[in-house]
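# Sharing a model that was predicted from the sequence below.
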Amino acid sequence: MPPDLWRFALTVYAQPGVTAACLRLQDKGADVCLLLCGAWLEQRGLACTAPRVQQLIALAGPWQAAVITPLRQLRQSWRTAALADAQVQGWREQIKALELEAERELLRRLEQAVLSWPEREVQRAPDAWLERLAPGADAGAEGAAGTDQEYCAALQRLRGAITVL
């Protein structure tokens, strides 16, 4: 398993079906960076506690809202224009690169936050991170995300990708 979150995320994202699963999760409101961090934490066996979940959400939320989401929305809004204009396509690719760098920075920040957690607090059933970081987690297993079969399948695909590492 890659030791740092960025390389772990790249490794997981390259697994068959993970890109499509992550895009489905993102379309349903998930923060894919948070989920990849959760997958990394599951692999490392770190205990999933409410304060830790809240710390990660509080760290990721503002960065997603202020940096990543506006870049993504701008890039997506230029999709049609880019088909007809090579200059717009070039700018769109630059925005895509900025979006990726912003995601990399968020993963770096999440990793830094996690590094202060005691390693000895390992849990016996480390598979709670993905569900706890998914939208609707605060509503329990039957929350908004919990009842969507496509969403659950995408989450399981992500979990399956980390079990082969």
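That came in fine, so what should we check first?
# pLDDT on the longest helix seen in the chain, on average?
Ordering each helix of the chain by length in residues (DSSP state H) puts helix 86-115 first. Helix 86-115 carries an average pLDDT of 97.
# So which bits of that helix are buried?
For helix 86-115, the neighbour count (16 or more other C-beta atoms under 10 Å) marks 91-92, 95, 99, 102-103, 106-107, 109-111, 113-114 as buried. C-betas here are computed from N, CA, C, even on glycine.
# Show the subsequent helix or strand relative to it.
Of the helices and strands lying after helix 86-115 in sequence (DSSP states H and E), the nearest is helix 129-133.
# for that next one, packing partners?
Using 3 or more C-beta pairs under 8 Å, 6 or more residues apart in numbering; DSSP states H and E, the elements in contact with helix 129-133 are helix 32-44, helix 50-63, helix 149-163.
# Tell me which of the ones you listed approaches Ala14 most closely.
Closest to Ala14 of those, according to C-beta to C-beta: helix 149-163, at 8.9 Å.
# ok, and for that closest one, which residues are buried?
Buried-residue list, helix 149-163, by 16+ other C-beta under 10 Å: Tyr151, Ala154, Leu155, Arg157, Leu158, Arg159, Ala161, Ile162.
# what's the angle from it to helix 32-44?
Our comparison of helix 149-163 with helix 32-44, counting by axes from the mean of the first three to the mean of the last three C-alpha atoms, to 10 degrees, yields an angle of 50 degrees.
# May I have helix 149-163 as PDB, with CA atoms only?
Extracted as PDB, the C-alpha positions of helix 149-163 are listed here (Å, rounded to 0.1, in the frame of the first residue of the first chain):
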ATOM      1  CA  GLN A 149     -28.600   1.200  -4.800                       C
ATOM      2  CA  GLU A 150     -26.400   2.800  -7.500                       C
ATOM      3  CA  TYR A 151     -24.700   4.900  -4.800                       C
ATOM      4  CA  CYS A 152     -24.200   1.900  -2.600                       C
ATOM      5  CA  ALA A 153     -22.800  -0.100  -5.500                       C
ATOM      6  CA  ALA A 154     -20.300   2.600  -6.300                       C
ATOM      7  CA  LEU A 155     -19.200   2.800  -2.600                       C
ATOM      8  CA  GLN A 156     -18.800  -1.000  -2.600                       C
ATOM      9  CA  ARG A 157     -16.700  -0.700  -5.800                       C
ATOM     10  CA  LEU A 158     -14.400   1.700  -4.100                       C
ATOM     11  CA  ARG A 159     -14.100  -0.600  -1.100                       C
ATOM     12  CA  GLY A 160     -13.400  -3.500  -3.400                       C
ATOM     13  CA  ALA A 161     -10.600  -1.600  -5.000                       C
ATOM     14  CA  ILE A 162      -8.800  -1.100  -1.700                       C
ATOM     15  CA  THR A 163      -9.100  -4.700  -0.700                       C
END
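# Thanks a lot, catch you later.
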